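Engineer: Only the shape, not the letters, is given here:
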């Protein structure tokens, strides 16, 4: 629990439940054969069904059901023998039928949970529905709806399959909310049902926020913040909304249940409309669709093909590679990075070294070349070779980073790059000893100062002599061996 202490010293806590809208990564839309594809020219992936033209009839995409069952397995849901669709009636330009086909009181998934940092957060339901079109408000005061000179609607998104995942009000801080969405997002991506790109709208979050004094059990009046499209926006919006409500309550006012929008640029929530209740939408069963009844064969297929989930894989990576929780999360946050590290280990790389070089050097290379988050095209044997070159003293750690970066960039094998650049580390003890002797002879005053000095002076002069030795070796001396020689000559 995260406590908020107000100006007058009262302690409050957030009570929140999240509604996460996940676009499913099917090839086609939920009720028709139009392409489910982001970024195409407006209104090119449309047909009579997703435009709601009279006489058109929907047909449920079977892949949508399979993906829903995957979600059911991943989040410990009960998947009933059958579920049904309803019509949610409302008028808005981006909903061409004037109703949304969704699920109401009989969803495809119910009563699940997700563990986040040791806390189990209940998930009430996950239900299927179709996405709406996208409105763009032009002109006016910055494109606000009521100040726009005109609006454009793109129906490419209308009919894209959505799974709305609704949590219990078990979340007690903005940070916990962000951690929940992050774990949810990682899991949805791992099971292959969505690309979960918040910046493209594949994952959108509505946050229901209320506050109550610490130590009380009742729920306050909640406000819903719509369409938060980043974890930062989620944290900032929830923190602002909590303080807004606390200030109203401490001034003797009351909270109005409503839907609010987050203004990212100005950092505040603004009223959008009063919060609707279920009866406002006049739900009734969709007459053009039969109940959704997943077969036993489909259920068995889904269970048999479920991949390792992120939480379980993090635990395994920590145990097998000897890395921290944060390093395990870093490996899994980049597509293919954990696979790359594990492939290098399978080829003989030391597990911990393979993991840490992957989280640092491989990750830095991917960011540099702008390949996004995808290490799958890189050769793990390059990492094995560079780790061997560092281990046997051919190159130092810093030289190894340079060589590895060049190898990842396609300049050749690490050994070839070392020869071509002439950067092989000098590890011959006799050659190093000769250089140390020359440095001592040329800097007899520094040696004398080290012998007569205190600890601070000795540290300074030792560092100077080490630097002179490295300078003479053009930076290619083995630092471990040089340190040993200095220890012997500066007892």
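Structural biologist: Alright, I've got the coordinates. Note that the coordinates shown come from a computational prediction; the quantities given were computed from them, not determined experimentally. Residues are numbered from 1 along each chain as shown.

Engineer: Please parse this structure into its domains.
Structural biologist: Domain ranges of the chain: 3-302, 308-421, 429-489, per automatic domain parsing.

Engineer: what residue ranges in the stretch 1-150 of the chain score low on pLDDT?
Structural biologist: Low-confidence segments of the stretch 1-150 of the chain, defined by pLDDT under 70: 1, 140-148.

Engineer: can you pull the pLDDT of residue 258?
Structural biologist: As predicted, residue 258 sits at a pLDDT of 94.

Engineer: before we move on, the earlier item: columns mean neighbour count on top of the domains of the chain, output as JSON lines?
Structural biologist: In short, each C-beta sits where N, CA and C put it, glycine included. As requested, the domains of the chain are exported to JSON lines (neighbours: other CB atoms under 10 Å):
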{"stretch": "domain 3-302", "mean neighbour count": "17"}
{"stretch": "domain 308-421", "mean neighbour count": "18"}
{"stretch": "domain 429-489", "mean neighbour count": "15"}
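
Engineer: And for whichever strand or helix holds residue 165, what's in contact with it?
Structural biologist: Take DSSP states H and E as the rule and residue 165 turns out to sit in strand 161-167. Residues from elsewhere that reach strand 161-167 (CB atoms under 8 Å, 6 or more residues apart in numbering): 17-24, 26, 29-30, 36, 61, 64, 67-68, 71, 75, 102, 121-131, 180, 184, 193.

Engineer: ok, which stretches of the stretch 1-150 of the chain are helices?
Structural biologist: Under the criterion DSSP state H, counting those that start in this stretch, the stretch 1-150 of the chain contains helices at 62-74.

Engineer: sorry, back to before: among the contacts of strand 161-167, which ones are in strands?
Structural biologist: The strands, defined by DSSP state E, take in 17-23, 102, 121-130 from these.

Engineer: show me where pLDDT drops low in the stretch 351-491 of the chain?
Structural biologist: 371-374, 424-428, 431, 474-475, 491.

Engineer: ok, which stretches of it are helices?
Structural biologist: In the stretch 351-491 of the chain, the segments counted as helices under DSSP H, counting those that start in this stretch are 351-357, 363-369, 380-391, 397-408, 414-421, 429-442, 444-452, 455-472, 479-489.

Engineer: Pipe the ones you listed into JSON lines and attach distance to residue 85 per row.
Structural biologist: As requested, those are exported to JSON lines (distance: least, CB to CB, whole Å):
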{"stretch": "helix 351-357", "distance to residue 85": "46"}
{"stretch": "helix 363-369", "distance to residue 85": "42"}
{"stretch": "helix 380-391", "distance to residue 85": "47"}
{"stretch": "helix 397-408", "distance to residue 85": "49"}
{"stretch": "helix 414-421", "distance to residue 85": "58"}
{"stretch": "helix 429-442", "distance to residue 85": "77"}
{"stretch": "helix 444-452", "distance to residue 85": "83"}
{"stretch": "helix 455-472", "distance to residue 85": "72"}
{"stretch": "helix 479-489", "distance to residue 85": "68"}
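
Engineer: Ok, which of these comes nearest residue 98?
Structural biologist: Closest to residue 98 of the helices of the stretch 351-491 of the chain is helix 363-369 (CB to CB; 46.2 Å).

Engineer: other SSEs contacting that closest one?
Structural biologist: Under the contact criterion of 3 or more CB pairs under 8 Å, 6 or more residues apart in numbering; DSSP states H and E, helix 363-369 touches helix 397-408.

Engineer: How about residues contacting the helix it packs on?
Structural biologist: 357, 361-362, 364-365, 378, 382-383, 385-387, 389-390, 395, 412-414, 417-418, 421, 423, 425, 476.

Engineer: Please repeat the previous calculation with a cut-off of 6 Å.
Structural biologist: Helix 397-408 has contacts (CB atoms under 6 Å, 6 or more residues apart in numbering) with 361, 365, 382, 386, 390, 414, 417, 418, 423.

Engineer: Tell me how far that helix lies from the chain's centre.
Structural biologist: When distances are taken as CA atoms, centre = their mean, to the nearest Å, helix 397-408 is centred 28 Å away from the chain's centroid.

Engineer: Can you tell me how far the residue nearest to residue 361 when sequence neighbours are not counted is from residue 349?
Structural biologist: Taking CB to CB, 6 or more residues apart in numbering as the measure, residue 361 lies nearest to residue 404, with 5.5 Å between them; neighbours along the chain are not counted. Separation of residue 404 from residue 349 (CB to CB, to the nearest Å): 12 Å.
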